[in-house]
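K.L.:
coordinates only, sequence not included:
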């Protein structure tokens, strides 16, 4: 009887140790991806998706990037409004500043971040600029 009990205990111990080796590690389930958030704006009735991306694991982006500040330099006479803002990976702000006459809208993105990570700026899916979360990115949008 003693040998049977010892054998059963040994088998249970082996099963327990084996089961522990199959417990997934949460961080290992995360991948480095482009984390895109995108303010959507209307300029003279045209809709523009300003995509701001940061390359890292989503948890790193959420921890290391606090805000993406977007400034639109809009020529006098161009109607501009913010349609929507997403905040999936980091908070976004959009400021609209009226400037003297012109045909293009300037777009400037600056980050408030504690981590230096690769960043990109696209408009309606077309890459316009790249840099890091410690710098500034910019482009222009031509409006009708």
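P.N.:
Thanks, I have the structure now. The shown structure was predicted, so the numbers you read here are calculated from the model rather than taken from an experiment.

K.L.:
ok, and what's touching stretch 135-144?
P.N.:
Outside stretch 135-144, the residues within contact range by CB atoms under 8 Å, 6 or more residues apart in numbering are 43-44, 46, 48, 78, 103-110, 119-121, 123, 128-131. The way it works is simple: take the backbone N, C-alpha and C, and place the C-beta from them, glycine included.

K.L.:
Go through the residues you listed and flag which are in strands.
P.N.:
Per DSSP state E, strands hold the following members of these: 43, 46, 48, 104-110, 119-121, 123, 128-131.

K.L.:
could you flag which of these are buried?
P.N.:
Listed as buried from the ones in strands among the contacts of stretch 135-144 are 43, 48, 105-110, 119-121, 123, 128-129; burial here means 16 or more other CB atoms under 10 Å.

K.L.:
Show me what residue 69 bridges to in the sheet.
P.N.:
Beta-bridge partners for residue 69, by DSSP bridges, are residue 93, residue 110.

K.L.:
contacting residues for it?
P.N.:
Counted by CB under 8 Å, 6+ apart, residue 69 has contacts 92-93, 95, 109-112.

K.L.:
returning to what we had before: return the two entries of the buried ones among the ones in strands among the contacts of stretch 135-144 that lie farthest from one another.
P.N.:
With CB to CB as the measure, no two of these lie farther apart than 43 and 119, at 22.9 Å.

K.L.:
Endpoints of stretch 36-43, how far apart?
P.N.:
Its first and final residues considered, stretch 36-43 spans 21 Å by CA to CA, to the nearest Å.

K.L.:
ok, and for it, which residues are buried?
P.N.:
In stretch 36-43, counting by 16+ other CB under 10 Å, buried: 37-41, 43.
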